[in-house]
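# Whatever this is, show me its structure:
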Amino acid sequence: MTSAPRTASGSPIRVVVAKPGLDGHDRGAKVVARALRDAGIEVVYTGLHQTPEQIVETAIQEDADIVGLSVLSGAHLTLFQAVLDQLAAHDASDIVVFGGGIIPDGDIPALEAMGVAKIFTPGTTTQSIVDWVVSRVGAPA
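Numbers count the residues shown, from 1 in each chain. Okay, here's the model as predicted:
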């Protein structure tokens, strides 16, 4: 049996998966959350219609290493920036932010420039998301 992925400090990787804004479609977020959980990663799914403030509060309370945002509404530039701003305001910019959803390829460089670590677009395998999370915040094997 393989042990659960851990951070450099030895604690389990903790991910908050969130659906910011008014978008009501969360199947993709739930699929990613399940894949991460099945890989032994601790996952907190916040549910629908979360504000950036609620997402960051959850990430801090849960001592998350990383936050994954699922955005299908077209408000990705605004919502990602708001989450990053809230993390900075709470001195929690060490929490990595990644995301996915219906995000035009042309917007990905702007998201990366604002500090989003990775964007996964439709068709990305759940295994590649798990592998990226583990490589980004996990301890070296």
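# pretty sure Ser9 belongs to a helix, no?
No: the assignment for Ser9 is coil, going by DSSP: H, G, I helix; E, B strand; the rest coil, so no helix is present there.
# what's near enough to touch it?
Residues touching Ser9, when contacts are defined by CB atoms under 8 Å, 6 or more residues apart in numbering, are absent altogether. C-beta coordinates here come from the backbone N, C-alpha and C atoms, glycine included.
# pLDDT score assigned to it?
At Ser9 the predicted local distance difference test score is 89.
# again, but for the one 3 residues further on
pLDDT for Pro12: 95.
# Use 163 as the first number for this chain going forward.
Sounds good: first residue 163 from here, last item Pro174.
# distance of it from Asp225?
From Pro174 across to Asp225, the span is 10 Å (CB to CB, to the nearest Å).
# where do the contact lists of these two overlap?
Here Pro174 and Asp225 have no joint contacts, going by CB under 8 Å, 6+ apart.
# Comparing those two, which residue is more hemmed in?
Pro174 (15 against 11; other CB atoms under 10 Å).
# what's the closest non-adjacent residue to the more buried one?
Nearest in space to Pro174, with sequence neighbours left out and distances taken as CB to CB, 6 or more residues apart in numbering, is Glu204 at 4.9 Å.
# from what I can see that neighbour touches Thr169, true?
No: using CB atoms under 8 Å, Glu204 is not in contact with Thr169, being 10.7 Å away.
# Give me the common contacts of the two.
Overlap between the neighbourhoods of Glu204 and Thr169 consists of Ile175, taking contacts as CB under 8 Å, 6+ apart.
# So those two - more neighbours on which side?
Relative neighbour count places Glu204 above the other of Glu204 and Thr169, with 18 against 14, counting by other CB under 10 Å.
# can you pull the contacts of the residue nearest to Pro174?
Going by CB under 8 Å, 6+ apart, the list of residues near Glu204 reads Pro174, Ile175, Arg176, Val177.
# The protein: helices as residue ranges?
189-200, 214-223, 238-251, 270-276, 288-299 (DSSP state H).
# looking at these, which is closest to Thr208?
Taking CB to CB as the measure, those were each checked against Thr208, and helix 214-223 came out nearest at 5.5 Å.
# what angle do that closest one and helix 238-251 make?
Interaxial angle of helix 214-223 relative to helix 238-251 (axes from the mean of the first three to the mean of the last three CA atoms, to 10 degrees): 50 degrees.
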